[in-house]
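Asker: Need a 3D model of the following:
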Amino acid sequence: MAVLDFLRVEPAREQTVNLLESIGFAGNVIRNRVWYRGDPAELSQLAKQLCGGGGDDTAAGRFWAQVPEVGYVRKAHTGLPAVMADTLSYIVKADMGALSFADPDAGARWQVMAEENDFRALVGRAVTETLVTGDGAFKISIDPAVSARPLLEFWPADRVEYVMRRGRVTAVVFVSKLTGENGKEYTLRERYGAGSVRYTLTDREGRPCALEEVPGLAGLQGVDFDPAVRLAVPLQFFASTRFGGRGRSIFDSKTDAFDALDEVFSQWIDAIRAGRVLRYIPDDLVPRAPDTGAMTQPSYFAANYVVTGHSNKEDAQSHIEMQQAEIRYEAFAASYEAALELCLQGVMSPATLGVRVSRAASAEAQRERKDVTGYTRGAITDALERVLPQVAVAMLAAEDLMAGRVAVGYALPELGFGEYGAPDFDSRVKTLAAALGAGLMSREAAVAELWGASRSEAACADEVALLESRKGGEGMK
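Answerer: Here you go, the predicted structure:
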């Protein structure tokens, strides 16, 4: 008997889904920068304007976008986004070592240029800008009117465009907004490619204009030089999944978390304000103005009171009653901690900011959670170890171009960063002493591990020789 073919499965039809982006790249950078600036007035204006875009139906429900219908609602900002970016930048900048060149002459020349451009402070600002806006680029320019050496700047993502080819950056375009003598607005684009720099000026409608229309640009001319030299070096720490070829800010996908944290904090402060002691005062005890006899109105922060009628009973006495609302601090604190953890999740540990979120967690657990900061710091330092040597070599090549010399091929210098979260000195001494006693480490390795980069190789060698001499003296006794 043949098996009946009664079950037929038809494949699902492919369906097209149209999604409207809530915000573009430029708007995303602006939003992240406003979060970093931390001005409550700017946050409120930005949130309300984003509601009218039509691409984000959820924006109107956020705390900063709400407009109270009745009464006054205090909206407070915690300032956490700026603290996150600045703390990570400080951690990286504090541990950054010096660039080490194989050629002493190149190292001496770089040292002079680094001091003139305040290189360490510039790197700190570059790290902060990249964490906030997502990416950026180091720009090397030559202006004899300002300095006899190349000038180094960092331009953030909102002022930089990239020319991509097969997934690689072939040119960096630096965008500037300028105003001409006639009051018109112009856009200057400086295209830095391999062995060339080109300038383009356009008006607000995008039409090309002569450079002479803006004061200071009349003598600007494009230049060509060795194609092996690039005077612009892009920088990014994390790749964006929304905008191809661009970087990702640590604030991306944290908008709702930051908004919730500010809402919890604002409600907490508002509850404290509303929970002040309230006085019930009989009419005959109400404070009055001595000249008119009118009741005095206290300020919002002064002693609030409610006027009650005077009792007509025979033995009634007028007295003031005081009541205060019960504020549930534990509930507010728990909500605040939960929102704070969401803001820091995947970026850094609360312990890095000196915040103890989980009260029940041990000190060891808090140290382990600090590894999250180490991962983020590692991504930042890996990018800097790759980019900063290229910047130094480009600066040396630019100096050769200024002097009319042929830009030679400089070897990339070495750049290192100190250890993050390393154990304290006492812990290192105990660990190294145990390893030496067990014969698992030589004196040379122990001394190098104990002092690290704080002492030179010659000083470490002298320390080893001193230990050896003391050991020999003890053996003779």
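
Asker: Could you use CA atoms for every contact and neighbour count after this?
Answerer: Fine.

Asker: can you give me the helices for the stretch 351-477 of the chain?
Answerer: Under the criterion DSSP state H, counting those that start in this stretch, helices of the stretch 351-477 of the chain are mapped to 363-369, 371-402, 425-437, 443-451, 457-476.

Asker: Go through these and name the closest to R273.
Answerer: For the helices of the stretch 351-477 of the chain, proximity to R273 was assessed by Cα to Cα; helix 363-369 is nearest, at 33.4 Å.

Asker: The stretch 101-250 of the chain: helices as residue ranges?
Answerer: 104-116, 119-133.

Asker: deepest of those helices, which one?
Answerer: Mean neighbour count (mean count of other Cα atoms under 10 Å) peaks for helix 119-133 among these, with a mean of 22.

Asker: Direction-wise, compare it with helix 104-116 and give the angle.
Answerer: Interaxial angle of helix 119-133 relative to helix 104-116 (axes from the mean of the first three to the mean of the last three Cα atoms, to 10 degrees): 70 degrees.

Asker: Identify the residues contacting helix 119-133?
Answerer: By Cα atoms under 8 Å, 6 or more residues apart in numbering, the surrounding residues in contact with helix 119-133 are 29, 32-33, 36, 85-86, 88-90, 92-93, 114, 135-136, 153-158, 235-237, 247-251, 380.

Asker: can you list the helices of the stretch 101-250 of the chain in a markdown table and add mean pLDDT and distance to L231?
Answerer: As requested, the helices of the stretch 101-250 of the chain are exported to a markdown table (pLDDT from 0 to 100; distance: least, Cα to Cα, whole Å):
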| stretch | mean pLDDT | distance to L231 |
| --- | --- | --- |
| helix 104-116 | 94 | 15 |
| helix 119-133 | 96 | 16 |
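
Asker: and of those, who's closest to V73?
Answerer: helix 119-133 (28.9 Å).

Asker: Kindly format the C-alpha coordinates of that closest one as PDB.
Answerer: As requested, the backbone C-alpha atoms of helix 119-133 are provided in PDB (Å, rounded to 0.1, in the frame of the first residue of the first chain):
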ATOM      1  CA  PHE A 119      52.300  65.700  23.200                       C
ATOM      2  CA  ARG A 120      51.200  64.000  26.400                       C
ATOM      3  CA  ALA A 121      48.400  66.400  27.000                       C
ATOM      4  CA  LEU A 122      47.400  66.200  23.300                       C
ATOM      5  CA  VAL A 123      47.100  62.400  23.600                       C
ATOM      6  CA  GLY A 124      44.900  62.800  26.700                       C
ATOM      7  CA  ARG A 125      42.500  65.100  24.800                       C
ATOM      8  CA  ALA A 126      42.600  62.700  21.800                       C
ATOM      9  CA  VAL A 127      41.600  59.700  24.000                       C
ATOM     10  CA  THR A 128      38.800  61.700  25.500                       C
ATOM     11  CA  GLU A 129      37.400  62.900  22.200                       C
ATOM     12  CA  THR A 130      37.700  59.500  20.600                       C
ATOM     13  CA  LEU A 131      35.800  57.900  23.500                       C
ATOM     14  CA  VAL A 132      33.100  60.500  23.300                       C
ATOM     15  CA  THR A 133      32.700  60.900  19.500                       C
END
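
Asker: Mind jotting down where the strands sit in the stretch 251-400 of the chain?
Answerer: For the stretch 251-400 of the chain, applying DSSP state E, counting those that start in this stretch gives strands covering 278-282, 305-308, 321-323.

Asker: same question, the stretch 101-250 of the chain
Answerer: With DSSP E, counting those that start in this stretch as the criterion, the stretch 101-250 of the chain has strands at 135-141, 151-156, 160-165, 168-179, 185-193, 196-203, 208-209, 223-224, 232-236.

Asker: Need those strands in a markdown table (columns: mean pLDDT).
Answerer: Below are those laid out as a markdown table (pLDDT from 0 to 100):
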| stretch | mean pLDDT |
| --- | --- |
| strand 135-141 | 96 |
| strand 151-156 | 96 |
| strand 160-165 | 94 |
| strand 168-179 | 94 |
| strand 185-193 | 95 |
| strand 196-203 | 93 |
| strand 208-209 | 91 |
| strand 223-224 | 91 |
| strand 232-236 | 97 |
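
Asker: Compare these and report which one is nearest to A398.
Answerer: Across the strands of the stretch 101-250 of the chain, A398 has its closest neighbour in strand 135-141 (7.7 Å, Cα to Cα).

Asker: angle of that closest one against strand 232-236?
Answerer: Here strand 135-141 runs at an angle of 160 degrees relative to strand 232-236 (the same axes, to 10 degrees).

Asker: beta partners of R165?
Answerer: Beta-bridge pairing for R165 (DSSP bridges): R168.

Asker: go on, the one 10 residues further on?
Answerer: Beta-bridge partners for V175, by DSSP bridges, are R189.

Asker: That one: neighbouring residues, count only.
Answerer: 18 (other Cα atoms under 10 Å).

Asker: what does the one 3 residues further on give?
Answerer: L178 has 15 neighbouring residues, counting by other Cα under 10 Å.

Asker: correct me, but it touches T202?
Answerer: No: applying Cα atoms under 8 Å as the test, L178 and T202 come out as separate, 10.1 Å apart.

Asker: Could you tell me which residues touch both of these two?
Answerer: Residues touching both L178 and T202 by Cα under 8 Å, 6+ apart: Y186, T187, L188.

Asker: quick one: the residue lying closest to the first one once chain neighbours are set aside from T187, how far?
Answerer: I take that to be Y186. Distances taken as Cα to Cα, 6 or more residues apart in numbering place D203 nearest to Y186, at 4.5 Å, with adjacent residues excluded. Noted for D203: a distance of 6 Å to T187, by Cα to Cα, to the nearest Å.

Asker: now swap in A65 and tell me
Answerer: Note on A65: its distance to T187, by Cα to Cα, is 32 Å.

Asker: do the same with A41
Answerer: To T187, A41 is 29 Å away according to Cα to Cα.

Asker: When the two are compared, which one has more neighbours?
Answerer: T187 (20 against 12).

Asker: nearest spatial neighbour of the more buried one, skipping sequence neighbours?
Answerer: K177 (4.8 Å).

Asker: Check A76 too.
Answerer: Of all residues not flanking A76 in the chain, S266 sits nearest, at 5.3 Å (Cα to Cα, 6+ apart).

Asker: Give me the pLDDT for that neighbour.
Answerer: If you check S266, the pLDDT there is 90.

Asker: Check the one 5 residues further on too.
Answerer: According to the model's per-residue confidence, A271 sits at a pLDDT of 79.

Asker: Measure how buried it is and give me the count.
Answerer: Number of residues near A271 (other Cα under 10 Å) recorded here: 17.

Asker: try P40
Answerer: So P40, with other Cα under 10 Å, has 18 neighbours.

Asker: Please tell me how far it sits from H77.
Answerer: 6 Å.

Asker: Find the residues that touch each one of the two.
Answerer: Shared contacts of P40 and H77 (Cα under 8 Å, 6+ apart): none.

Asker: check contacts around the residue most central in space within the chain.
Answerer: The centre of the chain sits closest to A85, judged by Cα atoms, centre = their mean, with a distance of 2.6 Å. By Cα under 8 Å, 6+ apart, the contact list for A85 reads Y36, T128, L131, V132.

Asker: and it, helix, strand or coil?
Answerer: With DSSP: H, G, I helix; E, B strand; the rest coil as the basis, A85 sits in helix.
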